[in-house]
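**Student:** model the structure of this input:
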Amino acid sequence: MTKIKFLSILCMVLFLGACAKKSDEKAQATDIRPNILFIMADDHAYQAISAYDDRLINTPNIDRIADQGMRFTNACVTNSICAPSRAVILTGKHNHINGKVDNYTPFDTTQVTFPQLFQKAGYQTAMFGKLHFGNSPKGFDEFMILPGQGNYFNPDFINPKGETIRKEGYVTDIITDMTLQWLQEERNPEKPFLMMYLHKAPHRPWWPRADKFKEYSKKTFPLPETLFDDYDNRGTAAKTAEMNLLLHMQYEHDSKIRPETIAAMGNVLPQVEEFPNGFYGPYNRLSDQQKEAYDPILDSINKDFKAQWPGMNDQEKMIWKYQRYMQDYLGSIASVDDNVGRVLDYLDESGLAENTIVIYTSDQGFYLGEHGWFDKRFVYNESFKTPLLIRWPNKITPGTTEDEMAQNLDFAQTFLEMAGIASPEDMQGESLMPLLLGQKDQWNREAVYYHYYEYPSVHMVKRHYAIVTKEYKLAHFYYDVDEWELYDRLADPLELNNVIDDPAYADTVADLKEKLAALRVKYKDNEQLDAQYIEDYREAGRIK
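**Tutor:** Numbers count the residues shown, from 1 in each chain. The predicted structure is shown next:
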């Protein structure tokens, strides 16, 4: 063999070996499991997403997820309040199992959360934004979370080292900036990722960014049909709740009326109990330069209030408060939508969109003046239902709508199945995969279970548990009352008529009570636990 021929063969062998090694390394390095981007806002009512209802606001970026994926119209929560909802999402278990039954009771930190399972399975994991409970979320390689409720202006964040870091700016923009920085600079491109992108907005007290504050303060919104609901033919709970716009929405904290304006006006009626430092707490976080952008709008609002309020009747005052509420609430959502668009644009531009599942939801629903209310907590629709939009390229048929009873209890198992990770047997939800993939014949849920615990407390919504189907809603209010309510969801979508004593529904009541008892057994809830949580509440000094 000639020297030239030997060298040629050697070069070819070395080249083929290098190609094989490179191919093997690429196969090992490339994990083709889908990325998951979980986007959750706080108190974002489905009525305030134009994919659901375009009468209040246009949300083109959030709507992109619906247009390119699936929109759930009967998605709901197990307990309509912030921290408990998040605990359910993380654990896939009802609150009486994970311990976080209300915003006060501690989470059971021995619980396994689905991000831990993703991390163990080789996913890179990150969380940015509002968790609301605990300062060291389990299962995340990187996080920056707001302490507690956090602040809209120049917010503080807690990192994995336990350090508190203040960032200048508006919270919705900052959470997005951190999310994009991680995706662009810190993400390992050889690993799939689980990103939890969690907004504070539009949680009370609804401070929009300055430009949105200016824009939305000039808008007028249509009134809800039930704004002046008198709760006739409803139970005690609806009549005694403290979340009426006129009677309970605060002038300073909520409507942005300066304390000096109230003092100068004298006896402002109706009298409403205010949170301490309700106006100046958020406002004084602004720098002098930032205040310059807000002061002209605040001056205008205060001038109008001082001129108009004394001459208004109660109905006109209710409408004034409603409009102020919607201006701030929807102005806060406008920034959420803009920032969701920033992230979706990056996914498209980077090529990540093709293999990234995008979920948009809220930790629960919210009242936007329906029944005269703000806040949540009740099992009634506006509070109980939550937006749920899921985009999964080449898996979910774009523009589809699903009306089955999906619940936040299901998220953990759904995400785990999406990633091919086994779910623990003690999780209590159902994977939504059959619905997402058009295999509805494999879905057999007929009803969901709901349980609200935080009473007596702010807004004074009584303890209750319920069974909900697509057709009916049966609820039992307990502790200081013993009342049942039944609503025909198809015949009475506004839930104005409690038909529990209507003879025409006697068989339905009997059937639903039996099914509710079975759900209580299935999910390991019972009267003994009800009594135990009441006693725990009493021992903690929350019941006098």
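**Student:** let me know how buried Y280 is, in neighbour terms.
**Tutor:** Y280 is flanked by 12 other residues according to other CB atoms under 10 Å. From N, CA and C alone the C-beta is placed, and that goes for glycine too.
**Student:** let me see the contact set for it.
**Tutor:** Contacts for Y280 (CB atoms under 8 Å, 6 or more residues apart in numbering) come out as P259.
**Student:** model confidence score at it, please.
**Tutor:** For Y280, the pLDDT comes out at 98.
**Student:** again with Y472
**Tutor:** Reported pLDDT for Y472: 98.
**Student:** what's the local residue count around it?
**Tutor:** Counted with other CB under 10 Å, Y472 comes out at 21.
**Student:** what's the answer for L90, then?
**Tutor:** Residues within reach of L90, counting by other CB under 10 Å, total 26.
**Student:** confirm it sits in a helix?
**Tutor:** Yes: per DSSP: H, G, I helix; E, B strand; the rest coil, L90 lies within a helix segment.
**Student:** show the contacting residues for it.
**Tutor:** Contact analysis of L90 by CB under 8 Å, 6+ apart lists 98, 111, 113-115, 412.
**Student:** who's in contact with stretch 141-156?
**Tutor:** With CB under 8 Å, 6+ apart as the criterion, stretch 141-156 contacts 119, 124-132, 135, 137, 157-160, 164-171, 174, 178, 182, 186, 198, 200-201, 203, 207, 282, 285-287, 290.
**Student:** list the buried residues of that stretch.
**Tutor:** For stretch 141-156, the neighbour count (16 or more other CB atoms under 10 Å) marks 141-146, 149-155 as buried.
**Student:** of all pairs in the residues you listed, which one is the farthest apart?
**Tutor:** Farthest apart among the buried residues of stretch 141-156 by CB to CB are D141 and F153. That separation is 28.7 Å.
**Student:** can you name every helix or strand that the helix or strand where G331 lies contacts?
**Tutor:** In this structure, G331 sits in helix 314-350 according to DSSP states H and E. For helix 314-350, the packing partners by 3 or more CB pairs under 8 Å, 6 or more residues apart in numbering; DSSP states H and E come out as strand 35-41, helix 60-67, helix 171-181, helix 210-216, helix 245-248, helix 288-308, strand 356-362.
**Student:** could you check the angle helix 60-67 makes with it?
**Tutor:** With axes from the mean of the first three to the mean of the last three CA atoms, to 10 degrees defining the directions, helix 314-350 sits at 70 degrees from helix 60-67.
**Student:** helix 288-308 and helix 314-350, what's the angle between them?
**Tutor:** 150 degrees.
**Student:** between helix 314-350 and strand 356-362, how big is the angle?
**Tutor:** Using the same axes, to 10 degrees: helix 314-350 against strand 356-362 is 170 degrees.
**Student:** quick check: buried residues in helix 314-350?
**Tutor:** 317-341, 343-344, 346-347.
**Student:** then stretch 242-252?
**Tutor:** Residues of stretch 242-252 classed as buried by neighbour count (16+ other CB under 10 Å): 243-246, 248-252.
**Student:** stretch 426-444 too?
**Tutor:** In stretch 426-444, counting by 16+ other CB under 10 Å, buried: 427-436, 443.
**Student:** and the furthest pair within the residues you listed?
**Tutor:** Greatest spatial distance among the buried residues of stretch 426-444 (CB to CB): Q428 and L436, at 19.5 Å.
**Student:** what mean pLDDT would you report for the helix holding G331?
**Tutor:** Averaging pLDDT along helix 314-350 yields 98.
**Student:** quick one on the thing from earlier: want to try a markdown table for the contacts of L90, with neighbour count and distance to S383 as columns?
**Tutor:** Below are the contacts of L90 laid out as a markdown table (neighbours: other CB atoms under 10 Å; distance: CB to CB, whole Å):
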| residue | neighbour count | distance to S383 |
| --- | --- | --- |
| N98 | 21 | 21 |
| Q111 | 18 | 25 |
| T113 | 21 | 25 |
| F114 | 26 | 25 |
| P115 | 24 | 27 |
| A412 | 26 | 22 |
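**Student:** which one among the residues you listed gets closest to K376?
**Tutor:** Set against K376, the nearest of the contacts of L90 by CB to CB is N98 (19.3 Å).
**Student:** distance of the closest one relative to Q428?
**Tutor:** From N98 over to Q428 the distance is 10 Å, taken as CB to CB, to the nearest Å.
**Student:** just to check, D403 is in contact with K470?
**Tutor:** Yes: if you go by CB atoms under 8 Å, D403 and K470 touch, sitting 6.8 Å apart.
**Student:** endpoints of stretch 421-431, how far apart?
**Tutor:** 12 Å (CA to CA, to the nearest Å).
**Student:** contacts for that stretch, please.
**Tutor:** For stretch 421-431, the external contacting residues (CB under 8 Å, 6+ apart) are 91-94, 97, 112, 117-118, 121, 407, 409-414, 416-417, 443, 445, 523.
**Student:** one more time with 7 Å, if that's ok
**Tutor:** Stretch 421-431 is contacted from outside by 92-94, 97, 112, 117-118, 121, 407, 409-410, 412-414, 416-417, 445, 523, using CB atoms under 7 Å, 6 or more residues apart in numbering.
**Student:** quick one, which of these are buried?
**Tutor:** 92-94, 97, 112, 117-118, 121, 407, 409-410, 412-414, 416-417, 523.
**Student:** can you tell me the closest non-neighbouring residue to V509?
**Tutor:** L486 (5.9 Å; CB to CB, 6 or more residues apart in numbering).
**Student:** right, and Q442 touches P434 too?
**Tutor:** Yes: proximity of Q442 to P434 meets the contact threshold set by CB atoms under 7 Å, at 4.0 Å.
**Student:** can I assume M127 sits in a helix?
**Tutor:** No: using three-state DSSP, the assignment for M127 is strand, not a helix.
**Student:** contacting residues for it?
**Tutor:** 137, 140, 143, 145, 196, 198.
**Student:** how near is it to G169?
**Tutor:** M127 sits 19 Å away from G169, going by CB to CB.
**Student:** same thing with A201?
**Tutor:** With distances taken as CB to CB, A201 is found 13 Å from G169.
**Student:** between those two, who's got more neighbours?
**Tutor:** Taking other CB under 10 Å, A201 and G169 do not tie; A201 has more neighbours (27 against 13).
**Student:** now the more buried one: phi and psi?
**Tutor:** Main-chain dihedrals, A201, degrees, to the nearest 10: phi -70, psi 150.
**Student:** which ones are touching it?
**Tutor:** 41-42, 172, 332-333, 335-336.
**Student:** thinking again about what came up before, inside strands: which ones of the contacts of M127?
**Tutor:** Counting by DSSP state E, the contacts of M127 place 143, 145, 196, 198 in strands.
**Student:** what ranges do the strands span in the chain?
**Tutor:** Going by DSSP E, the chain shows strands at 35-41, 70-72, 124-130, 142-146, 156-158, 164-166, 193-198, 356-362, 388-391, 400-402, 448-452, 464-468, 472-477, 483-488.
**Student:** next, format these as CSV and append distance to A518.
**Tutor:** Below are these laid out as CSV (distance: least, CB to CB, whole Å):
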stretch, distance to A518
strand 35-41, 31
strand 70-72, 25
strand 124-130, 36
strand 142-146, 38
strand 156-158, 42
strand 164-166, 47
strand 193-198, 34
strand 356-362, 28
strand 388-391, 26
strand 400-402, 25
strand 448-452, 10
strand 464-468, 9
strand 472-477, 13
strand 483-488, 17
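**Student:** what is the neighbour count of Q116?
**Tutor:** By other CB under 10 Å, 16 other residues sit near Q116.
**Student:** now swap in I500 and tell me
**Tutor:** 17.
**Student:** mind listing what the nearest residue to it once chain neighbours are set aside touches?
**Tutor:** Leaving aside its chain neighbours, I500 sits nearest to L486 (4.4 Å; criterion: CB to CB, 6+ apart). Contact analysis of L486 by CB under 7 Å, 6+ apart lists 472, 474, 498-500, 505, 509.
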